[in-house]
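*Asks:* I would like the atomic coordinates for the input below:
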Amino acid sequence: MVKVGVLALQGDFREHIWRLKALNVDAFEVRKIDELDAVDGLIIPGGESTTIGKLIRRNGLTDLLRRYHKPIWGTCAGAILLAKDIEDSDQFKLGLMNITIRRNDYGRQIDSFSQDIELNINDQRTSFNAIFIRAPRITKLGESVKSLAECNGDAVMVIEKNRLATTFHPELTDMNTVHKFFVELIVKQQNH
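*Replies:* Alright, predicted model coming up:
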């Protein structure tokens, strides 16, 4: 059975675990190196990217995460941490995806919103109600990065090999579509 870890240093990691359990997937909180080694894929949740970055360093996870070859998915703050470049910021990042991102570009907490978007997953289009909270904006995609969803012309869900990033919060909805896609990504890598 697939084991999915959720980085549980700060942010909405519990909500990801609930979504995964709704899919009957083994989901685990990850805080230490040995816990990271025990899972088949990792989610870096939304929260405060600067704080999560500090806790990654404090817990000695930086090098291991940068060498992590299994599927990894970052939502909101997690997407910021996965980015190769963060505009107008020198904050800590893992640099695992060839994207440029701008923090809080949709506004402050009070500017949070939800909007129906269309996901293009496995050549199937699915409507999804995306929740954006202090969301970052992906401003540049590298050549190997593919957009799977857009909101008002901006990529909000992107994939590069086995790396996934969403600037919205699928874990805060009652839809399992994106979590199911991530689990399928893990299974696909295990079978190769």
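*Asks:* contacting residues for residue 15?
*Replies:* Contact analysis of residue 15 by CB atoms under 8 Å, 6 or more residues apart in numbering lists 45, 169, 171-172. Heads up, the C-betas are built off the backbone N, CA and C, glycines and all.
*Asks:* Among those, which one has the most neighbours?
*Replies:* residue 171 (27 neighbours; other CB atoms under 10 Å).
*Asks:* Would you enumerate the residues in contact with the residue positioned nearest the centre of the chain?
*Replies:* The C-alpha lying nearest the average C-alpha coordinate of the chain belongs to residue 74 (CA atoms, centre = their mean; 1.6 Å). Going by CB under 8 Å, 6+ apart, residue 74 touches 43-44, 80-82, 97, 164-166.
*Asks:* rerun that using 6 Å as the cut-off
*Replies:* 44, 81-82, 165 (CB atoms under 6 Å, 6 or more residues apart in numbering).
*Asks:* ok, now residue 102?
*Replies:* 87, 137, 139.
*Asks:* So which residues of this structure form helices?
*Replies:* Per DSSP state H, the chain has helices spanning 13-22, 33-37, 49-58, 62-66, 77-82, 177-190. These are given in chain order.
*Asks:* Single out the most deeply packed of these.
*Replies:* Mean neighbour count (mean count of other CB atoms under 10 Å) peaks for helix 77-82 among the helices of the chain, with a mean of 28.
*Asks:* which strands and helices sit next to that helix?
*Replies:* helix 49-58 (3 or more CB pairs under 6 Å, 6 or more residues apart in numbering; DSSP states H and E).
*Asks:* Please compute how far the helix it packs on lies from its chain's middle.
*Replies:* Averaged C-alpha coordinates place helix 49-58 at 15 Å from its chain's average position (CA atoms, centre = their mean, to the nearest Å).
*Asks:* can you redo the helices of the chain as TSV with distance to residue 131?
*Replies:* Below are the helices of the chain laid out as TSV (distance: least, CB to CB, whole Å):
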stretch	distance to residue 131
helix 13-22	11
helix 33-37	27
helix 49-58	17
helix 62-66	26
helix 77-82	14
helix 177-190	12
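*Asks:* Of those, which is nearest residue 2?
*Replies:* helix 177-190 (5.3 Å; CB to CB).
*Asks:* Give me the contact list for the closest one.
*Replies:* With CB under 6 Å, 6+ apart as the criterion, helix 177-190 contacts 2, 19-20, 23, 25, 40-41, 71, 73, 121, 126, 128, 162, 170.
*Asks:* again, but for stretch 77-88
*Replies:* Contacts of stretch 77-88 (CB under 6 Å, 6+ apart): 44-47, 49, 52, 74, 93-103, 136, 165, 167.
*Asks:* Off-centre distance for that stretch?
*Replies:* 11 Å.
*Asks:* now the end-to-end length of that stretch.
*Replies:* 16 Å (CA to CA, to the nearest Å).
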